[in-house]
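[1] Next one to model:
(one chain, ligands or ions: 3)
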Amino acid sequence: MKTQMETDLKLESSLWVGNKRHLAVLTGWHLRWTEADKKNPDKKTVSVPVAEVVRVEEGRVKILPHKSVEDTGRDFTVFYVKRSNSRTTSGLLWRLGQTQFTCPSRVLRDQWTKHLWTVLKTHSPLRPHRLLVFINPFGGKNKGRQIYHSLVAPLFELAGINSHVIVTERANHARDHLLKKDLTGFDGVVCVGGDGMFNEILHGVIGKTQQEAGLCENDPAVTLQQCPLHIGIIPAGSTDCVCYATVGVIDPVTSALHIVIGDSQPLDVCSVHYGPGQVRYSVSLVGYGFYGDVLAESEKHRWMGPFRYDYSGAVVFLSNRSYSGTVQYLLADPLLSSPRDKTRCLSGCGVCSRSTERLFRNSSDSGSLYSSYSGPFSNDSEGEWMSVDGRFKCVSLTCMSSSCAKSPLGLSPSAHLADGTGDLILVWDTNPLGFLKYLHRHTTTQDQFDLPFVEVHRVKAVRFALASRGEEAEDNESLSNGMDGEDGGHIENGSRAGSLQHLAAGAKGQTMTSEDKTVTPFMCGLCCRKTPAVSVWNCDGEILPFPEIFCKIHGQLVHLYARGIEDGASLRDCTEERVESNTTCILQR
Ligand SMILES: CCCCCCCCCCCCC/C=C/[C@@H](O)[C@H](COP(=O)(O)O)NC(=O)CCCCCCCCCCCCCCC
Ligand SMILES: Nc1ncnc2c1ncn2[C@@H]1O[C@H](COP(=O)(O)OP(=O)(O)O)[C@@H](O)[C@H]1O
Ligand SMILES: [Ca+2]
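    Ligands and ions are numbered 1, 2, ... in the order given. The predicted structure is shown next:
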C-alpha cells in the first residue's frame, strides 16, 4: 500500500550532471536520474533509495582532500551509499557515492533541496544525531584509533553526527562507563574493536537498560527489557565475527555507512548464568572444550595478534582433548525453522520478521522497539527438554551463524540473527582425523553437520553440567578401551529434564581444581600426558572459568546499526531500467 508521502511527493525536472542533461525524479522512496540523450540507446538510470542518501548540500561540494563548497546558486550535491562490485566477501561492500546536480534556476534548486531534506527526515527515524564511540586501541592489529579517525570520523562529520569519543584505557572501561554515566541524549554506542570489545559494550548497554527498568538481570527467570540504544560496530579486532555475521564484510567504511543511515538489525542475545547468581551475555559463540581451550591458550600469545588463534588452534588440536558432561536443552519449535534446512539468514529474512511478530505477540505495543518482550518461555508452551551425557570434543551454542573470515558460512550456516533461538552443536569425542574433517568443513561449503559424531539442535535454552566423578572415571576407562571411534559412544536420553527454574537453580558454579586432572590418551595413542578433566567456556571471546552454566536465548534483545547480509541475488532485477553496475538497486525487504 502506498503511503501519503509516496503518492503526494513527486518531483521531476531536467537537471545537469556534469555536461549531460538528465531526467531526475524524486518520489517518496527513490531518487533516480537518467541520461536524457535520445540518441544514446545505452542510457543508464541511477536509482538511490532515499533511505540510503547520506547527505544533501547546496552547492558543488568536494570532501577530498579537504571539504570545499562552491555555490553558484543553481547546484546541489547528493552523497549516498554506493555498492561496490567486489564480491570477494559474503556481503556487499559499501562506498560513499557523490553526484553534483545543476538546476536551470535557483528556485528549482531550492525546491529540490527542500524536498530531499523532507523525505530524508521522514524516511530515517533511526539516523543517529549523537553517538558515544569507544575505541579499543589494542584490538586486532592495534589500528583502532587510525581506522576511526581516517575512515569513520569523516563520514560521521559529513552526516552531521555529533560523536563523543573515548579511547579505552583498560579492559571494562567502556562497560563501566555505560553502567555508571548518564547516557541521556545519545542515540547509540559505537564499538571500534573486536568481538571482545563488542561484548563489553553489550554488557554495558543491557545492564544499563535493566538497571533503569529495575530488573534483576542475574535471575534467569526474568524477562529482560529491550535496549533503547543501538550498537554500531566498526571492525578493528581479530575475529570480528559479530560484524561479519551481521554485515557480511569486514570493512570499516561499510559499517560506518550502516550507522550513518540508521540501519537497524535486531539481534538475539544468550544470557549465560553461572556461579552464585552471575550472568554474562553472548551473541556469537558460547563454546566449551575445543573453543574454550583455544581461547585460554591464545591469551598467552596475545602478542601474535589475530594469528594467535591459528597457532593456539593447532596446539589445542594436537593435544586431542575431550571432556565429559551432561547437556540438557529445550528445543525450539521445529515447524518454524531448522538448523539443517540449508537456508541462510539474509537481509530482510522472513524467518526473523515472523519471529518479531511471535516474540512480541502479547505486548501492547506489538513488535515495537524498546517494549519488554514476553520472551520465549511465557508465550509458547515451554517445549521439550532433552538430555544427553557423554564425552565431547566441543559443545557450542550460537545465536547467529557466527560466520567470520576463517569460516565464511560460520559455525551454523542456517542460524538466524533474530529468531529468538540458538543452535546447539554437539561434537562427540572422535579420532583426530574425524575432528580435523569437522573443523576443515567450516572453511568450505561442505556440511559440517553431516558427520556421524556431530549433531545440531535449534534451542531456546541449554544447561551444561559436569559428569559426576563416578561417570568421569568410567568415561576415561571406556576411552582407554578404544571407545573413541567416529560415533563417539554417547548415552542419549530423550526424557524431559525438568523445568526451567529447576535447571537454572541447578547451575552451581564449579572451578577446576588440581584433583580434577585425569589421564587421557594423547594424539594417536603414541604417548600420554595429563590433560584437565574440565575445560573453560569461551563466551564471545571472554573466558568463563565456571564449567556449569545455564543459558537462555533472549529474542531481539538488542539492535545493531546493520541490516543483515546483503546477497547480490537478493537485489531485485530492475527490469524496466538499466542500472549502473556499481550503483544501488532496490532491495527486497
Ligand atoms: C583446519 C582449519 C580449521 C578452521 C576452523 C575454523 C573454525 C572457525 C569458527 C569460528 C567461530 C568464531 C566464533 C567467534 C568467536 C569470537 O567471539 C572470539 C573472540 O574474537 P575477538 O578476538 O575478535 O574478540 N574468537 C574466538 O574465540 C576465536 C576462535 C577461533 C578458532 C580458530 C580455530 C582455528 C583452528 C585451527 C586448527 C588447526 C588444526 C591444524 C592441525 C595440524
Ligand atoms: N585499553 C585497553 N587495554 C586493555 N584491554 C582492553 C582495552 N580496551 C578494551 N580491552 C579489552 O580487550 C579485549 C579484546 O579486545 P578486542 O577489541 O575484542 O580485540 P581482539 O579482537 O583482538 O581480541 C576485550 O575483552 C576488551 O575488554
Ligand atoms: Ca538466533
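
[2] residues contacting the closest residue to ligand 1 within the stretch 101-250 of the chain?
    At 2.9 Å from ligand 1, Gly194 is the closest residue in the stretch 101-250 of the chain, using Cβ to the nearest ligand atom. Every C-beta, even on glycine, is put in place using the N, C-alpha and C of the backbone. By Cβ atoms under 8 Å, 6 or more residues apart in numbering, the contact set of Gly194 is Asn136, Gly139, Gly140, Pro235, Ala236, Gly237, Ser238, Thr239, Asp240, Gly541.

[3] Could I get those in CSV, plus columns for neighbour count, pLDDT and secondary structure?
    Compiled in CSV, the contacts of Gly194 are given as follows (neighbours: other Cβ atoms under 10 Å; pLDDT from 0 to 100; DSSP: H, G, I helix; E, B strand; the rest coil):
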residue, neighbour count, pLDDT, secondary structure
Asn136, 25, 97, coil
Gly139, 26, 90, coil
Gly140, 20, 88, coil
Pro235, 28, 97, strand
Ala236, 30, 96, coil
Gly237, 27, 92, coil
Ser238, 24, 89, coil
Thr239, 24, 86, coil
Asp240, 25, 94, coil
Gly541, 24, 89, coil
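
[4] Those residues: which ones sit near ligand 1?
    Near ligand 1, judged by Cβ under 6 Å from any ligand atom, the entries from these are Gly237, Ser238, Thr239, Asp240, Gly541.

[5] re earlier: return the per-residue confidence for the residue of the stretch 101-250 of the chain closest to ligand 1.
    At Gly194, the model reports a pLDDT of 94.

[6] Identify the spatial nearest neighbour of it, chain neighbours not counted.
    In this structure, Gly194 finds its nearest non-sequential neighbour in Gly237, 1.5 Å apart by Cβ to Cβ, 6 or more residues apart in numbering.

[7] Pro413 too?
    Ser401 (5.6 Å).

[8] thought that neighbour was touching Asp419?
    No - applying Cβ atoms under 8 Å, one finds Ser401 not in contact with Asp419, separated by 11.8 Å.

[9] Determine the residues that are contacts of both of those two.
    With Cβ under 8 Å, 6+ apart, Ser401 and Asp419 have common neighbours Cys345.

[10] re the thing from before, how close does the residue nearest to Gly194 get to Ala314?
    Distance, Gly237 to Ala314, using Cβ to Cβ, to the nearest Å: 21 Å.

[11] Tell me the residues of the stretch 251-400 of the chain that contact ligand 1?
    Residues of the stretch 251-400 of the chain lying close to ligand 1 (Cβ under 6 Å from any ligand atom) are Ser284, Leu285, Tyr291, Val294, Leu295, Tyr309, Asp310, Gly313, Ala314, Phe317.

[12] what secondary structure does the residue in the stretch 251-400 of the chain that ligand 3 sits nearest to sit in?
    Per Cβ to the ion, Asp268 is where the stretch 251-400 of the chain lies closest to ligand 3, at 4.0 Å. Of the three states, Asp268 takes strand under DSSP: H, G, I helix; E, B strand; the rest coil.

[13] Return the nearest residue of the stretch 151-300 of the chain with respect to ligand 2.
    For the stretch 151-300 of the chain, Cβ to the nearest ligand atom, closest residue to ligand 2: Gly194, 2.1 Å.

[14] Please apply the same query to the stretch 1-150 of the chain.
    Of the residues in the stretch 1-150 of the chain, the one nearest ligand 2 is Gly139, at a distance of 2.7 Å by Cβ to the nearest ligand atom.

[15] what about that residue, distance to Thr99?
    Counting by Cβ to Cβ, the separation of Gly139 from Thr99 is 36 Å.

[16] And for Glu357?
    39 Å.

[17] and what of Gly555?
    Using Cβ to Cβ, we find Gly555 at a distance of 41 Å from Thr99.

[18] cool, and Ala562?
    Counting by Cβ to Cβ, the gap from Ala562 to Thr99 is 26 Å.

[19] Comparing these two, which residue is more hemmed in?
    Neighbours per residue (other Cβ atoms under 10 Å) separate Ala562 from Thr99, with Ala562 holding more: 28 against 20.

[20] Just the local confidence number for the more buried one, please.
    97.

[21] and what of Arg280?
    pLDDT, Arg280: 96.

[22] Likewise for Arg529?
    So, for Arg529, pLDDT stands at 49.

[23] same deal with Val388?
    So, for Val388, pLDDT stands at 97.

[24] again with the one 5 residues further on
    The model reports Lys393 with a pLDDT of 98.

[25] which residues of the stretch 201-350 of the chain fall in strands?
    In the stretch 201-350 of the chain, the strands defined using DSSP state E, counting those that start in this stretch lie at 230-235, 265-274, 278-282, 285-289, 323-331.

[26] Same list (the ones you listed) but as a markdown table, adding distance to ligand 2.
    Supplementary listing: the strands of the stretch 201-350 of the chain in a markdown table, determined by distance: least, Cβ to the nearest ligand atom, whole Å:
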| stretch | distance to ligand 2 |
| --- | --- |
| strand 230-235 | 9 |
| strand 265-274 | 15 |
| strand 278-282 | 12 |
| strand 285-289 | 13 |
| strand 323-331 | 24 |
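
[27] Redo these as a markdown table? Include distance to Pro104.
    Output for these, formatted as a markdown table (distance: least, Cβ to Cβ, whole Å):
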| stretch | distance to Pro104 |
| --- | --- |
| strand 230-235 | 40 |
| strand 265-274 | 42 |
| strand 278-282 | 57 |
| strand 285-289 | 58 |
| strand 323-331 | 66 |
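
[28] ok so, going back, for the residue of the stretch 251-400 of the chain closest to ligand 3, list the residues it contacts.
    Contacts of Asp268 by Cβ under 8 Å, 6+ apart are 283, 399-400, 416-422, 553-557.

[29] Work out for me the element Leu15 sits within.
    strand 11-17 (DSSP states H and E).

[30] For my notes, confirm Lys114 occurs in a helix.
    Yes - under three-state DSSP, Lys114 sits within a helix.

[31] Quick check: the gap between it and Thr223.
    For Lys114 relative to Thr223 (Cβ to Cβ), the value is 45 Å.

[32] Looking at those two, which one has more neighbours?
    Thr223 (14 against 11).

[33] and the more buried one, backbone torsions?
    phi -90, psi 110 (degrees, to the nearest 10).

[34] one step back: got the contact list for the helix or strand following the strand holding Leu15?
    Going down the chain from strand 11-17, the next helix or strand is strand 20-26, by DSSP H and E. Strand 20-26 has contacts (Cβ under 8 Å, 6+ apart) with 9-16, 31-37, 50, 101, 112, 115-116, 119.
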